[in-house]
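S.K.: quick one, what's the 3D model for this:
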Amino acid sequence: MAKMDYNRRERVRLKADFLRLILRSPVDPARRSLLVHFVETYLPLAASEKAEFQQIVTADQEYAEVEQMITVYEKEGIKKGRQEGLEKGRQEVLILQLEKRFGKLDDAVKRRVRRIRSAARLDSLLLAVLDAKSVEDLPW
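M.R.: Numbers count the residues shown, from 1 in each chain. A predicted model of the protein is given here:
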């Protein structure tokens with residue numbers, strides 16, 4: 001058990017060290033982002049480890065940059081998650097509107113809607129449903 005605790009602490013410290021080294025490395029932001037993504041992918045932390053990681057980066061001034069970077073990445077992740085959620089919401093609302101207006105849709109139409117990634121395109125289809133006489137009348 002003591003060995004496992006040591007390995008866990010070592011893992012958490014290792015991740016913090018890797019991130020600090022990446023931030024201080026003389027690479028461009030795109031490469032830095034790739035390196036951070038690599039560390040996040042191959043050194044994931046459990047909930048208890050995340051708390052310990054947070055303690056390390058907030059308690060030691062050497063890791064202040066890491067704490068700031070994590071905040072930036074978390075904000076980007078939250079923003080991306082919101083955008084994806086809004087996109088999926090628009091897709092589902094469009095499917096509901098289509099079914100309400102034209103009856104049960106076949107799976108091909110639902111797949112077609114779910115492949116649309118543009119918010120503007122989804123919005124224009126949501127409005128076009130109001131005037132369309134059939135699914136085929138929509139400006140796909």
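S.K.: where does pLDDT dip in the protein?
M.R.: 1-6, 70-75, 77-78 (pLDDT under 70).
S.K.: helices of that one, residue ranges please.
M.R.: Ranges of helices in the chain, per DSSP state H, are 2-24, 29-42, 47-59, 64-102, 107-115, 119-128.
S.K.: relative to helix 64-102, how tilted is the last one?
M.R.: Following axes from the mean of the first three to the mean of the last three CA atoms, to 10 degrees, one obtains 20 degrees for the angle between helix 119-128 and helix 64-102.
S.K.: buried sites along helix 119-128?
M.R.: Leu122, Leu125 (16 or more other CB atoms under 10 Å). From N, CA and C alone the C-beta is placed, and that goes for glycine too.
S.K.: ok, the longest one next?
M.R.: Using 16+ other CB under 10 Å as the test for burial, helix 64-102 gives Val66, Glu67, Met69, Ile70, Glu87, Arg90, Gln91, Leu94, Gln97, Leu98, Phe102.
S.K.: want to throw those residues into a markdown table with distance to Val109?
M.R.: Listed next are the buried residues of helix 64-102 as a markdown table, based on distance: CB to CB, whole Å:
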| residue | distance to Val109 |
| --- | --- |
| Val66 | 47 |
| Glu67 | 48 |
| Met69 | 43 |
| Ile70 | 42 |
| Glu87 | 18 |
| Arg90 | 15 |
| Gln91 | 12 |
| Leu94 | 10 |
| Gln97 | 12 |
| Leu98 | 7 |
| Phe102 | 9 |
